[in-house]
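K.L.:
take this sequence and fold it.
(one chain, ligands or ions: 2)
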Amino acid sequence: MSTILIAEARFYPHLNDMLLEGARAAIEAAGHKHETLTVPGALELPGAIALAARSGRFCAFVALGVVIRGETYHFEAVSNESARGLMDLTLQGFAIGNGILTVENEEQARVRADPRLGNKGGGAAEAALSLFQLREKYAP
Ligand SMILES: Nc1c(NC[C@H](O)[C@H](O)[C@H](O)CO)[nH]c(=O)[nH]c1=O
Ligand SMILES: CC(=O)[C@@H](O)COP(=O)(O)O
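P.N.:
Ligands and ions are numbered 1, 2, ... in the order given. Okay, the predicted model is just below:
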């Protein structure tokens with residue numbers, strides 16, 4: 001059994017709670033332990049994961065957050081840079097599932113975050129686990 005770190009950006013707490021529920025359920029169903037850290041927004045997620053990884057305590061990471069389009073270019077900056085940061089870490093060999101929703105409105109986010117509907121938190125956890133398993137197989 002290994003520990004997976006869930007990093008959550010708590011910008012929209014009620015939506016994040018659903019992502020968290022799905023991610024935790026998927027990790028537990030796979031027989032792993034999990035811990036959760038919280039940061040203010042999605043832009044902090046890659047840095048938080050990079051820092052936590054230095055502890056050497058986690059076999060995989062799940063990034064959870066919700067970015068909803070506003071009036072300015074900020075949406076693109078937060079959406080694209082959080083994804084880029086996570087991908088940079090992934091290509092360095094970290095097993096990371098990206099569960100950051102980038103949506104037009106709250107209803108789109110709700111449908112995707114709800115574990116009984118889109119369950120994107122659970123999907124991100126399963127993606128992290130799949131990369132972890134590949135690393136165990138090819139680069140143990
Ligand atoms: N607008 C959203 C943000 N913005 C905040 C940034 O992520 C960041 O925390 C701030 O710029 C300080 O570095 N974050 C989200 O997670 N969702 C948003 O919709
Ligand atoms: C991520 C966003 O687009 C949003 O939260 C920021 O809104 P705005 O562009 O209206 O400042």
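K.L.:
the closest residue to Ala128 other than its chain neighbours pairs with what?
P.N.:
What sits nearest to Ala128 in space, not counting adjacent residues and going by C-beta to C-beta, 6 or more residues apart in numbering, is Gly97, at 3.4 Å. Any C-beta I mention is one placed from the backbone N, CA and C, and that applies to glycine too. Here Gly97 shows beta-bridge partners Val62, assigned using DSSP bridges.
K.L.:
and Gly97, how many neighbours does it have?
P.N.:
Residues within reach of Gly97, counting by other C-beta atoms under 10 Å, total 28.
K.L.:
got it, and Ala113?
P.N.:
Counted with other C-beta under 10 Å, residues neighbouring Ala113 total 28.
K.L.:
now do the contacts for it.
P.N.:
Counting by C-beta atoms under 8 Å, 6 or more residues apart in numbering, Ala113 touches Leu15, Asn16, Met18, Leu19, Gly22, Val66, Leu101, Lys120, Gly121.
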